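1. dropping a prediction and its sequence here:
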Amino acid sequence: MLRRLSLLLLVVLTVAGCGDDDEQAAGFGPPDPPIELVDAESEILAIDNVFDPEDATVEAGTTVTFVNGGRNDHNVIPEDEIAEWVVPTEDFGPAATAEYRFTEPGEYRYFCSIHGTIDVGMIGSITVTAPGG
């Protein structure tokens, strides 16, 4: 819990010191490299107009926690419309969290429908690898 609060405070301070969110969403600044998340529980932040990290890699069996660290409502919409891990807007306001345990290897693309589509805007992906692989 302390880790999450510290991370949330860092996000708030970072966002407060940054320029306009529209500049960030428009792609100004260097792109973030893919980040590999390798611990048993991994977090993906929704920070106003971006997911951080945008691309994550985890082992099958990992619980991923989506954290709304921004000041706007968001959602997490899987590319696969029948996927179980959708996070609706009404459940993902500022400071909200949602968890899903990814058990099957594969690539899982998602987006925030408030701030983009599956191909542009607030998008992300999780690559799930075989355990130990």
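-> Arrived safely. Residues are numbered from 1 along each chain as shown.

2. so where's this structure uncertain?
-> 1-41, 133 (pLDDT under 70).

3. now the strands for it?
-> 35-36, 41-47, 50-52, 55-59, 62-68, 77-78, 97-102, 106-116, 121-129 (DSSP state E).

4. wait, Pro88 sits on Asn75?
-> Yes. At 5.7 Å, Pro88 counts as touching Asn75 under the criterion of CB atoms under 8 Å. Every residue, glycine included, has its C-beta placed from N, CA and C.

5. more crowded one of these two?
-> Asn75 (22 against 11; other CB atoms under 10 Å).

6. okay, now the residue nearest to that one when sequence neighbours are not counted: neighbour count?
-> Residue nearest to Asn75 in three dimensions, not counting chain neighbours: Thr89, with 4.4 Å by CB to CB, 6 or more residues apart in numbering. For Thr89, the count of nearby residues is 14 (other CB under 10 Å).

7. same thing with Asp80?
-> There are 13 residues near Asp80, going by other CB under 10 Å.

8. how about Asn68?
-> 26.

9. distance-wise, check it relative to Gly132.
-> To Gly132, Asn68 is 32 Å away according to CB to CB, to the nearest Å.

10. one more: Leu45?
-> From Leu45 to Gly132 the distance is 27 Å (CB to CB).

11. among the strands of the chain, which comes closest to Glu84?
-> Proximity to Glu84, assessed across the strands of the chain by CB to CB, is greatest for strand 97-102 (7.4 Å).

12. which neighbours in the sheet does that closest one have, and how are they oriented?
-> Paired with strand 97-102 in the same sheet, following DSSP bridges, are strand 62-68 (antiparallel).

13. buried residues of the partner strand, list them for me.
-> 62, 64, 66-68 (16 or more other CB atoms under 10 Å).

14. ok and it relative to strand 106-116, angle-wise?
-> Put simply, strand 62-68 runs at 10 degrees to strand 106-116, going by axes from the mean of the first three to the mean of the last three CA atoms, to 10 degrees.
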